[in-house]
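1. model the following, please.
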Amino acid sequence: MPIRTCEDPVAADGQKTESGTPSRSVVHSMFDLERTYDVPVSRVWKALSNMNAKAKWFAGSAGKWQVLERQMDVRVGGRELLRGRWDSGTVTTFDAVYQDVIPRERLVYSYQMFIDERKISVSLATLQLQARGSRTTWTSTASSGARPRTASSLS
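-> Residues are numbered from 1 along each chain as shown. Presented below is the predicted three-dimensional model:
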């Protein structure tokens, strides 16, 4: 799916609308990812749904990023939160709510991403697992709306 940009109909990004409020723009994007692992579904499910197992691979760069807060409650309506600080002092946050959970088969969650206190994207992700003998195929589909990275949006 091509990336689409939707501008504020009243004014271009960085300008003010007639009401005097800043205009906003958004970039919509979608991606699909498929990977096959030489491990059973139960092991991949654990890597996705167990906080200690996920902490081994879902975090910032070692030595450059420090965990400030981590929560994980994998159930419908449950929340996953990961917040950390980079050496530069910038804080990044992943804040998700699980919408559908079928153990060892599927996770669907909506999530927001933040840099410091500024929301940079809102997304919906679907992760599906399929056993293929002793191997597991993990298919991810994500759709997001994000603020474009321009000089004005970074300040």
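2. ok, residue 144 touching residue 122?
-> Yes - look at residue 144 against residue 122 with CB atoms under 8 Å: they come within range, at 6.7 Å. Just so you know, the C-beta spots here come from the backbone N, C-alpha and C atoms, and that holds for glycine as well.
3. who's more crowded, those two?
-> A direct count of neighbours by other CB atoms under 10 Å for residue 144 and residue 122 places residue 144 higher, at 19 against 16.
4. for the helix or strand that one falls within, C-alpha coordinates in PDB please.
-> Residue 144 is part of strand 135-146, with elements assigned from DSSP states H and E. Provided in PDB are the C-alpha atoms of strand 135-146 (Å, rounded to 0.1, in the frame of the first residue of the first chain):
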ATOM      1  CA  ARG A 135       8.800 -24.200  12.900                       C
ATOM      2  CA  THR A 136       6.700 -21.100  13.300                       C
ATOM      3  CA  THR A 137       5.700 -18.400  10.800                       C
ATOM      4  CA  TRP A 138       5.000 -15.000  12.400                       C
ATOM      5  CA  THR A 139       3.000 -12.600  10.200                       C
ATOM      6  CA  SER A 140       2.600  -9.000  11.300                       C
ATOM      7  CA  THR A 141       0.400  -6.300   9.700                       C
ATOM      8  CA  ALA A 142       0.500  -2.800  11.000                       C
ATOM      9  CA  SER A 143      -1.400   0.400   9.900                       C
ATOM     10  CA  SER A 144      -0.400   3.700  11.300                       C
ATOM     11  CA  GLY A 145      -1.100   7.400  11.200                       C
ATOM     12  CA  ALA A 146       2.000   9.500  12.000                       C
END
